[in-house]
Structures are given as structure tokens and as C-alpha cells.
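In: Sequence first, then the predicted structure:
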Amino acid sequence: MSSWSGVRSAGPPLALLASLWVVVGCASSPYDRAWVSRELSGLAAPMGPEGAGSASLPPGGADTGALDARTAVAVALWNSAALQADMAQLGVSRADLAEAGALPNPTFSLLLPVGPRTIESSLLLPLVSLWQRPSRVAAAKLQVEQVARGLVQNGLDLARDVRVAHADWVLAERRLQALDELQALWTRTVELVDARFAAGDASRVEVEALRAEAWTAEDSARRARTDVALARERLRLLMGVVQSPLFAQAHPVAEPWDARPLRPVQALVELALAARPDVRAAELGIEAAGGRLGWEKSRILQLFARLDTKPSTSSSGKPQALWVPGAQVELPIFNWNPGGIGRAEAELLRASSRYVLLRQQVSTEVFLAREQALQASDSFAAFQSNILPAFTAASEGAQKAFDAGDLSYLPVLDALRRLAGARLRALDIEADLRRALAQLDRSLGKQGVAHE
């Protein structure tokens, strides 16, 4: 009876120790899903609710039948299943933070009385874990922030992809319109040459040649209709509304151009290095790797606090518990944790190299996107002001001369081909400009800051 009373008296110290373990083991981070959504809202558009079963419109959005790039980005960030899947990474990193903040349970051992031996108990506490906890928690918090900022970058990548897909859809619609007009023009030309053939003013060869051109234009227009449907569905996939009636019958609307000039390349590079979430994430990766290296070095020494309890009696003969404190040290004679330290050093080197590479990539991406935008802008302006008007005038002049019977069909064919090619080339250049601007905004880490 007296021996078990000594064991029961150990309850209050154990309860106090358990309370200390719970309090110390708590760790949290402000970088959660709500933070990612707020960051994306400031850079592009907010994220949608977690676990939404069906596609929906963001607050203030409406399916009006006309879809511009800005609305498409907002709907994509609100509904994208790919972005929602990426958010699981944040849950994993936050779970790692909780694990880093938790302390290992103390080890309790009990020796039962056998023969002349009395009952004994002992409690082993890993003090080194308590000492190492701040370093582990700090590294885990950096990892959570790194993942969160990486997810913001994923959202910006999605916004870029949506804008590019929207530009492709606009291009497909305008190509269809241009090819339909070209088909109608070829059909009218065939009707005129048929009339001239009936009057004996044109040969069978001329009729068949023009009819072949008309059939080719008809096939091109038919293929363009398929391209429109494909481009629309690719965009709807990125927007997360494939299995929804949202924007199923919408038509694309091209946003007006920003007439302001682009910022100098050096200013854009500085802006990108300061604003891009992945650059900050790479910096956090270096800090986290350095923290892990210090933690691995501290693991060389393993120190445990030991508390033994034995039944005893007081001077008056009353039963009591005898508490015998002590320590247990793992001597670092054979194992100095070379594997853990080596891995941490390699991770630090890799994180540092990735950061240097990322800064180089950012500078290159900004330079390339800006140059592509400038080139496309200059070419598009040249087509609009000089090239298209010249081809249009030549085509109209040849058509009028052909209608009057003053010109054969060959100059007309050549003029029509040149005009059609110029129109389609102008549409391609306009789409290139929109793609380049989308890539430039993504390279800068924020939309709408590329122009002065």
C-alpha cells in the first residue's frame, strides 16, 4: 500500500509538466489560405471558396455574354481546380509547422516490485528538443511563408495563361471574321467570272482557277470556326467553368490598348525583383535552409532530464515518495550527425544557387517580354497606318478594273491574296502584342504596372 501511494503522489508534477508541454508546443503562422487570397486580390483577383462543388461567379461578376480578359482572370482565380489543388501544399507546410512546434512526449518507465525490490518509476524528458524548438519552429514558419508566396506566384501564372488564352480566342474570332469576308469576296468574284465566261470574255481555265480559290477560302473559314470553338473551350478550362453553363455562349471582347509607353527595362527589372512572390520565396528558402543547418548542428548533443521516483519513509515513519532528479547525456563520440549536417549544407547551397538563377531569369524574362511587346507594338502600328491601307487600296483598284473588264483575273488574284495575308498577319501581330503584355505583367509580379 505504501509503495503505490508514492507513485500516486507524482501526479501534480506530471500534470504541471504536461501543461508546460502543451503550451510550449503551440506554433502558428499568419500565412494561410486567406492571406494568399488577399495577396492575389491586390495583384490580380481573389481566390474562390475552398471546396466549392460547382463553378460560380466572383462577387460583383455577371455572365453578360461578353467576356474580356480581366473578367476571365477573375473567374479563373475564383474557380480554378488547378489552383485549388496547389493550395494543398499550404496545408502540408502548416502541418509541418505544427509538427515542428510539438515536443516529443516524455518517456515514463515503471519497475514493478519483484522480490526484495520496491516499486520504482522514472521520467525521461528530452531537454534538447525544448532547446531546439525555436529553431525548428522558425524554419517551419519560413517554409510556410515560402509556400504561400509560391502559391501567389502560381495564381499570377494562371492569370498570365488566361490572358494568353483569351488573346488566342480573340485572334480566332477575328480570323474567322476576316476569312468569312474573304470567302464572300471570292464567291462574288466567281459569280462575275462566270458571267464573263457565259459572255465569252473568260476562259474555262480562269473560271476553274477562281472557283478553286473560292473553295479554299470556304475550307479556311470552316477550319476557323473549329479554331474558335477550340480556343473558347481552352479558355473555359483555365477558368474552371467547363462543366458549367457560365460563358458557354459568350463572345470575346478585346480590351483597349494602354497608350502610355513602357517603363525602361532597368526600372522594370527592379520592380520585378521587389514585387515577384517567387523571388521572395527563394529568399525565404535560403533563410530556412540556414536555420535547418544550425538545427542539424545542434543535434550533435542529446541531453535528457531524468526524474526517478522511489517509495520511501520519512523520519517519522510515514510513507512518502522520494524524487531523485538527474540527467542523461548522449556522448557524441561516434556520431556527430554528419548526414544531417551534410544534407542541410547541400540544401543551403542549392537554395542560394536557385536564388541567383531566379534573379537572372527574372531579368531575362522582363527584357524578353518588353522587347517582344515593343516589336509587336511597332509592327502593329505599321500595319494599321501604312501596310493595310496600301493593300486595301491595291485590292479595291484591281477589283474595280476587273469588274469593268479592263483587267484579267491574275492581278485580282494576286491583290486578294496579298490583302488577305496582310489582314491575317495584322491579327497575328495584335495577338502577339497581347501575349507579350500578359507575359510582361507576369514577369513583373503585378498587373497594370508595366507602363509609365
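Out: Arrived safely.
In: need the helices for this structure, in chain order.
Out: Using DSSP state H, the helices found in the chain span residues 2-8, 11-24, 33-43, 69-79, 81-86, 88-101, 127-198, 204-239, 265-275, 277-298, 338-382, 388-403, 409-444.
In: Pro113 is nearest to which of the ones you listed?
Out: Across the helices of the chain, the minimum distance to Pro113, taken as CB to CB, is reached by helix 2-8, at 6.3 Å. C-beta here means a position set from N, CA and C on the backbone, and glycine is covered the same way.
In: related to what we said a few turns ago, comparing the helices of the chain, which comes out most buried?
Out: helix 69-79 (a mean of 25; mean count of other CB atoms under 10 Å).
In: what bits of the stretch 251-400 of the chain have low per-residue confidence?
Out: Counting by pLDDT under 70, the stretch 251-400 of the chain contains low-confidence residues at 295, 298-308, 310, 314-315, 317, 327-328, 331.
In: need the contact list for the residue of the chain most remote from its centre.
Out: Of all residues in the chain, Ser316 sits farthest from the chain's C-alpha centroid, using CA atoms, centre = their mean; the distance is 74.7 Å. Taking CB atoms under 8 Å, 6 or more residues apart in numbering as the definition of contact, Ser316 has no neighbours.
In: Burial check on the closest residue to Ser109 other than its chain neighbours, number of neighbours?
Out: Nearest in space to Ser109, with sequence neighbours left out and distances taken as CB to CB, 6 or more residues apart in numbering, is Ser122 at 4.9 Å. The criterion is other CB atoms under 10 Å. On that basis, Ser122 has 17 neighbouring residues.
In: For Ser122, give its distance to Gly339.
Out: 31 Å (CB to CB, to the nearest Å).
In: what does Glu371 give?
Out: Computed as CB to CB, the Glu371 to Gly339 distance reads 47 Å.
In: likewise Leu262?
Out: As for Leu262, its distance to Gly339 is 51 Å (criterion: CB to CB).
In: got a list of what the nearest residue to Ala282 once chain neighbours are set aside touches?
Out: Of all residues not flanking Ala282 in the chain, Tyr355 sits nearest, at 4.2 Å (CB to CB, 6+ apart). Neighbouring residues of Tyr355 by CB under 8 Å, 6+ apart: Val279, Ala282, Glu283, Gly285, Ile286.
In: was I right about Ala376 contacting Leu433?
Out: Yes. Applying CB atoms under 8 Å as the test, Ala376 and Leu433 come out as touching, 3.7 Å apart.
In: one step back: what pairs with the residue nearest to Ser109 across the strands?
Out: For Ser122, the beta-bridge partners under DSSP bridges are Ser109, Asp308.
In: Might one say that it is in contact with Trp323?
Out: No. Here Ser122 does not reach Trp323: they are 10.7 Å apart, not a contact under CB under 8 Å.
In: so Val207 makes contact with Phe197?
Out: Yes. With contact defined as CB under 8 Å, Val207 and Phe197 form a contacting pair (5.0 Å).
In: Quick check: Pro106 vs Ala321, distance?
Out: Taking CB to CB as the measure, Pro106 falls 17 Å from Ala321.
In: Kindly report the same for Asp403.
Out: In this structure, Asp403 and Ala321 are 116 Å apart, going by CB to CB.
In: for the residue nearest in space to the middle of the chain, what are its contacts?
Out: Among the residues of the chain, Asn154 comes closest to the average C-alpha position under CA atoms, centre = their mean, at 0.9 Å. Taking CB under 8 Å, 6+ apart as the definition of contact, the neighbours of Asn154 are Leu83, Asp86.
In: So for Ala248, what pLDDT did the model give?
Out: As summarised for this prediction, Ala248 has a pLDDT of 87.
In: next one: Asp157
Out: In this model, Asp157 is scored at 94, pLDDT.
In: my guess is Leu125 meets Pro104, correct?
Out: No. Under the criterion of CB under 8 Å, Leu125 lies out of contact with Pro104, with a separation of 9.1 Å.
In: Which of those two has more residues huddled nearby?
Out: For Leu125 versus Pro104, neighbours defined as other CB under 10 Å are more numerous around Leu125 (21 against 12).
In: Kindly state the pLDDT recorded for that one?
Out: 72.
In: Return the distance of it relative to Gly326.
Out: Using CB to CB, we find Leu125 at a distance of 11 Å from Gly326.
In: that older thread, check the gap between the residue nearest to Ser109 and Pro325 for me.
Out: Per CB to CB, Ser122 is found 11 Å from Pro325.
In: Next: Lys400.
Out: The gap separating Lys400 from Pro325 is 109 Å, by CB to CB.
In: just Ala346 next, same as before
Out: The spacing between Ala346 and Pro325, counted by CB to CB, is 41 Å.
In: hmm, who's touching stretch 405-418?
Out: With CB under 8 Å, 6+ apart as the test, stretch 405-418 has contacts from 182, 185-186, 189, 193, 196, 201-202, 206, 209-210, 213, 391, 394-395, 397-399, 401-402.
In: Please put the alpha-carbon coordinates of it into CSV.
Out: The C-alpha atoms that make up stretch 405-418 are tabulated as CSV, following Å, rounded to 0.1, in the frame of the first residue of the first chain:
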residue,chain,number,x,y,z
GLY,A,405,-13.3,44.4,-117.9
ASP,A,406,-10.0,46.3,-118.0
LEU,A,407,-8.0,43.7,-116.1
SER,A,408,-7.6,40.0,-116.2
TYR,A,409,-8.2,37.8,-113.2
LEU,A,410,-4.5,37.2,-112.4
PRO,A,411,-3.8,40.7,-110.9
VAL,A,412,-7.0,40.4,-109.0
LEU,A,413,-6.0,37.0,-107.5
ASP,A,414,-2.6,38.4,-106.5
ALA,A,415,-4.1,41.5,-104.9
LEU,A,416,-6.7,39.5,-102.9
ARG,A,417,-4.1,37.1,-101.7
ARG,A,418,-1.8,39.9,-100.5
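In: what mean pLDDT does that stretch have?
Out: The predicted model assigns stretch 405-418 a mean pLDDT of 78.
In: Next up, the contacts around the residue lying closest to Ala167 once chain neighbours are set aside.
Out: Closest residue to Ala167 apart from its sequence neighbours, by CB to CB, 6+ apart: Arg434 at 3.8 Å. Applying CB under 8 Å, 6+ apart, we find Arg434 in contact with Ala69, Arg163, Val164, His166, Ala167, Val170, Ala254.
In: try 10 Å this time
Out: 69, 163-164, 166-168, 170-171, 254-255, 257, 373, 376 (CB atoms under 10 Å, 6 or more residues apart in numbering).
In: Just put the residues you listed in JSON lines and tack on distance to Glu296.
Out: What follows is those, written out as JSON lines (distance: CB to CB, whole Å):
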{"residue": "Ala69", "distance to Glu296": "48"}
{"residue": "Arg163", "distance to Glu296": "44"}
{"residue": "Val164", "distance to Glu296": "44"}
{"residue": "His166", "distance to Glu296": "48"}
{"residue": "Ala167", "distance to Glu296": "49"}
{"residue": "Asp168", "distance to Glu296": "49"}
{"residue": "Val170", "distance to Glu296": "54"}
{"residue": "Leu171", "distance to Glu296": "54"}
{"residue": "Ala254", "distance to Glu296": "55"}
{"residue": "Glu255", "distance to Glu296": "52"}
{"residue": "Trp257", "distance to Glu296": "55"}
{"residue": "Ala373", "distance to Glu296": "47"}
{"residue": "Ala376", "distance to Glu296": "51"}
